[in-house]
Each structure stands twice: as structure tokens, then as C-alpha cells.
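**Student:** one predicted model, sequence on top.
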Amino acid sequence: MVNPLHEELKRFLARDDIETIKKTVDDDPWRLAYHVMPPIGWLNDPNGVMQYNGIYHLYYQYSPHAPEGGLKYWGHATSEDLVHFVDQGVALYPDQPYDLHGVYSGTAFVEDDQIHYFYTGNVKQLGNHDYITSGREQNTIHAVSHDGGKTIEKVECVIPASEYPKQFSNHIRDPKVFKLGQTYYMILGTRDLKGRGQVITYHSTDLSNWTYHGVFAGPLEGLGYMWECPDYFTLDGKGILIVSPQGLEAKEHEFQNIYQAGFLIGELDQGAIQFEALNRFVELDRGFDFYAPQTFLDQQGRRILWAWMGLPSDDPKISNPTIERGWQHAMTLPRELTIEDGRLMQGPLPEYQKLRGQAFEQFVSLKGAYQNEQMKGEVFEMIVEIDQVGDQFKIHLRQDTLLQYDSKKQLFSLILAESGYGREKRSIELKSLNHLQIFSDYSSLEVFINYGEYVMTTRVYPDSQHDRICFTGEANITVKKWDLKNTSL
Ligand code: FRU
């Protein structure tokens, strides 16, 4: 049956001026060379990430009409190698009574060659509502693909908002599904009526009939009023719960962004299906732009995480000048998660080594400043092995980015000035600094510290052609730097 709203939305996306908008977007020098971006408009959370028959699929929250954010669709990109991506257009439109105000975040679950999707259908009722305790429906929708993920067919609303337990507010969303024994479990992020974030569980034996099971995790003291985008998996025998909580109080160096994204390591009680956190909540990234991560297990058995390299635009201090050029936000690089000595580590994927071009390598016994005509760039990867650090060690990049280690204060900082558009300083308490792996793109920077013990991610908007790389302070360093190729070429 033809769905006239669907047809209309599709027509709107194919209208004449799209080419003009696309040209403005493509001409922007801040477009990234090797990150997934919205073709036009706005992007937020990664959705339905998976590998199927060798092909990697990344769906994402997408507002093609509004770079400042608007009605949410699912965009779609595929890749054979996790490095080069092909835009597959819109995968899901907000075209049903149960998802009219947005096809919100969700997951893909593959079993017996069948790809299932579960997502949140957002509906806002007219009237005088606070949209927290009334006026909002967040339905859970089941969809499937019959062509390996290329197109998605909505099946039915499996949990209508009216059926959620009454102790929760209207905010219940972002399903993630996993299987234990013969039972499927779906976890959802919520805000309860007392204003506390939690994760709840439903169970099912057929993926179509879902029964409320109970609270999976939370509330936890100091962990906010709403938990978005829950993800649960085991890694090296440990239970990991990832959530994006809202409403945390900033500490001296932690929880500095408007909203956080991080993990709890703990144990799942397999009878009750309750997660007990054994460690405190730890942020996954200590930079300015990281939110709503989602993970999947690839066919090599790697636990890979993708996140939105951005945050909801509720912080008036921080801005993204690409809005005027018709687009906003991007995905982080995909990262592999591992456990080492009981700690969760994050590392860039070896696949990205294929982008390495012109190389530069140098040992420097640094005292003062070091710069080299052959060592500069805007789009590059740089590994710095660091030894014998004096009081201060600094790396100056591009227009005004500063990475700084103060060994007396044992503090590693990322500092931006004008090119940060409101982003100023983030710091990590760090006993010693021995390794940095830096990925710089035209308007982003990802810094893996001490082999992925910490990561700092930021958007940064230098004026064109700022390609400085300079070291100051005192340390013995071995620098390896490669220009990185543009994946769209
Ligand atoms: C997180 C989030 C999700 C929601 C989606 C809507 O950034 O708020 O909770 O499903 O974005 O775009």
C-alpha cells in the first residue's frame, strides 16, 4: 500500500535545491576526510550498528532538512572495511502514527540470517504538556530487512507507550536487544517519576511479544535524572553497561560536558536479569564531543564502539560553525574495546593504517621547542612515544590546539582557543604519560592516551591551512607521523 506521507517525505528529499545545498556542504573546508558525516543536514546517535555477510552497517539519527536538528530519520552508510563508507540514503522515515515525530534511536539484532531492528517511535501530542510526565509517546517498534540491511520494513509497534510501567515518566527509549539461553531481553533507558535515570528490561521468546521484566540497573546515587542509549555486553568475562546519563554534577575534572557517556563494569544476575555495578561510572571520553555510543560484535569477534562526535545542543557556550554551511556533526572513528588488567581500554582500528601516506619519523631529545618543515599537517595520524618528561611537555597543533602534560600536577589537558568555538579546556589526572596516538581531521581531533587508557575527542574549527605541529617543553620523544588519505577520493 502506498503511504502518502512516506512518498511526500521522499519527494521533499529529492527536491531541486538539494543539489545546491549539497554543493555548499561539499565545498566546506571543514568537511572531514575520514569520518562518517551526514550528506547534508544534521546527524546524531549511531543506530543499528552491525556486520552482516561481511558488510558493516552504520545507521544514524539524521535530520536531512535541518542542520540545527529537527525531525529524525535513520540515515544509512555501509562499508566493506570500516574505513571507506558508501552513503545508502535514508533507511527509515517518520511516516507512521507511532513514529510521526521522529524515528529515534535503536538497535539491530541478527539471528538465523534475519536482521531485526528495534527503535523508538517518538510522538508528541498537541496541548499544554511538559513532555516529561505527559504529552509524549515513545513506542518501541520492530522492523526487519529482507535484503541484507539495504532496506528496512517496519513490522509493528511491539510495546506501545501506554503499556510501560506507571512508575516511569514518558521518557523510555533506545532499545538494545540481547539473548540469554532461549530468551530475548530488551533493555531501554528511562527516567522515573522521581527524576532518576534507570535501565529497564523486557523479555520475549519470539521477538514480537514482549513482557515487562523489571529494572535492569539503577537508580544510582549521583547518576542523573535520565539514562539514554543503554548497551549491555560481556567483554573478557566482565559485564559492561554503557549509558548516556543526563543530570550529573560536574566534578573537578570529570563530567564537564552538558551530558555524559560512560560505562559501569559489573555482574549480571542471570536469574533476575539485574546488573550490579562493581565499579563507579567512568566516562568513555574526556574531550568535548562524544555522546550516545553504541557497540556491536563484528565477525572477527571484536567489540567495536561508535559514538556521535557531538552533543545535544543544550550548551549555549559551545557552537559548530558548519551549521551555516548546511551540515552539523559526525561520527567518531570506530574504536575497539578490550579489557587489560581489569580496565576497559579503547583503541583505534588497525584498518585505518591503510590511509597512511607520506611518513615522517624522528627521535627528539626535547629541550625548548622542536618544529620541522617536514612535520606538519591538517589530516594526519601521529604516534608519540614519550620518556623522561620534565615539568612540562606540550604539543601545539594547527591554529591554537594545545595538548599539555604537567608532570608536577600530574595533569594532561586539551586546550582550545578561538578554533574551539566555546570549547576551552578538559583535563585528566594522569600519573605518567608514555604514549599518544593522535588522529587529526579537518575539523576533529581524537587523542588516545597511554594506549587507550583514556581518549579525548573534540571538534575543532581552525581557519584553513593551519598545519602547524610543534613540541615544546622537556622530554625524550619518538615521533611517527603520517599524512592520512581522504576516504571519499
Ligand atoms: C540521544 C537521544 C536518544 C534519542 C535520540 C533522538 O542523543 O536523545 O535518547 O533516541 O537522541 O534523536
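**Tutor:** Received, thanks.

**Student:** what does this protein have sitting close to the ligand?
**Tutor:** Within the chain, the residues that sit near the ligand (CB under 6 Å from any ligand atom) are 44-45, 61, 72, 104-105, 120, 173-174, 228-229, 291-292, 312. To be clear about C-beta, it is placed using only N, CA and C from the backbone, and glycine gets the same treatment.

**Student:** which of these are buried?
**Tutor:** Listed as buried from the residues of the chain next to the ligand are 44-45, 61, 72, 104-105, 120, 173-174, 228-229, 291-292; burial here means 16 or more other CB atoms under 10 Å.

**Student:** nearest to residue 400 among those?
**Tutor:** Nearest to residue 400 among those is residue 291, at 24.3 Å by CB to CB.

**Student:** roughly how far does residue 376 sit from residue 469?
**Tutor:** 5 Å (CB to CB, to the nearest Å).

**Student:** what does residue 322 give?
**Tutor:** From residue 322 to residue 469 the distance is 24 Å (CB to CB).

**Student:** residue 158 now?
**Tutor:** Taking CB to CB, one finds residue 158 at 52 Å from residue 469.

**Student:** repeat that for residue 183.
**Tutor:** With CB to CB as the criterion, residue 183 and residue 469 are 53 Å apart.

**Student:** could you do residue 156 as well?
**Tutor:** With distances taken as CB to CB, residue 156 is found 55 Å from residue 469.

**Student:** and residue 153, by the same measure?
**Tutor:** Residue 153 is 50 Å from residue 469, by CB to CB.

**Student:** what of residue 446?
**Tutor:** Remark: distance between residue 446 and residue 469 (CB to CB) = 16 Å.

**Student:** likewise for residue 167?
**Tutor:** 54 Å.

**Student:** more neighbours: which of the two?
**Tutor:** residue 469 (21 against 12; other CB atoms under 10 Å).

**Student:** what are the phi and psi angles of that one?
**Tutor:** phi -130, psi 120 (degrees, to the nearest 10).

**Student:** before we move on, which element is the residue nearest to residue 236 when sequence neighbours are not counted in?
**Tutor:** Spatially, and ignoring its direct neighbours in sequence, residue 236 is nearest to residue 339 (3.9 Å; CB to CB, 6 or more residues apart in numbering). Per DSSP states H and E: residue 339 is located in strand 335-340.

**Student:** contact partners for residue 122?
**Tutor:** Applying CB atoms under 8 Å, 6 or more residues apart in numbering to residue 122 gives the contacts 72, 94, 99, 100, 101, 102, 103, 104, 136, 137, 138, 173.

**Student:** at 7 Å instead, please
**Tutor:** 99, 101, 102, 104, 138 (CB atoms under 7 Å, 6 or more residues apart in numbering).

**Student:** so what's the residue lying closest to the last one once chain neighbours are set aside bridging to?
**Tutor:** Distance criterion CB to CB, 6+ apart; nearest residue to residue 138, sequence neighbours excluded, is residue 173 at 4.6 Å. Note on residue 173: beta-bridge partners residue 189, judged by DSSP bridges.

**Student:** show me how far stretch 264-274 is from its chain's centre.
**Tutor:** Computed by CA atoms, centre = their mean, to the nearest Å, the separation of stretch 264-274 from the middle of its chain amounts to 24 Å.

**Student:** hmm, who's touching it?
**Tutor:** Against stretch 264-274 from outside (CB under 7 Å, 6+ apart): 180, 185, 201, 213, 216, 238-241, 275-279, 281, 344.

**Student:** what about residue 206, how many residues nearby?
**Tutor:** Residue 206 has 7 nearby residues by other CB under 10 Å.

**Student:** do the same with residue 300
**Tutor:** 8.

**Student:** re earlier: got the contact list for the residue nearest to residue 138?
**Tutor:** 104, 105, 120, 138, 188, 189.

**Student:** ok, the residue nearest to residue 236 - contacts?
**Tutor:** Contacts of residue 339 (CB under 7 Å, 6+ apart): 235, 236, 238.

**Student:** same deal with residue 241?
**Tutor:** With CB under 7 Å, 6+ apart, residue 241 has these contacts: 217, 230, 232, 263, 264, 266, 275.

**Student:** swap in residue 449?
**Tutor:** Residue 449 neighbours (CB under 7 Å, 6+ apart): 412, 436, 455, 456.

**Student:** so how far is residue 17 from it?
**Tutor:** Taking CB to CB, one finds residue 449 at 44 Å from residue 17.

**Student:** next: residue 248.
**Tutor:** Counting by CB to CB - residue 248 and residue 17 are separated by 42 Å.

**Student:** ok, now residue 380?
**Tutor:** 36 Å.

**Student:** neighbour count winner among the two?
**Tutor:** residue 380 (24 against 7).

**Student:** what number of residues lie near residue 429?
**Tutor:** Residues near residue 429, counting by other CB under 10 Å: 12.

**Student:** hey, what's it bridged with?
**Tutor:** Bridge pairing for residue 429 - DSSP bridges - gives residue 411.

**Student:** correct me, but it touches residue 253?
**Tutor:** Yes. Under the criterion of CB atoms under 7 Å, residue 429 makes contact with residue 253 at 6.3 Å.
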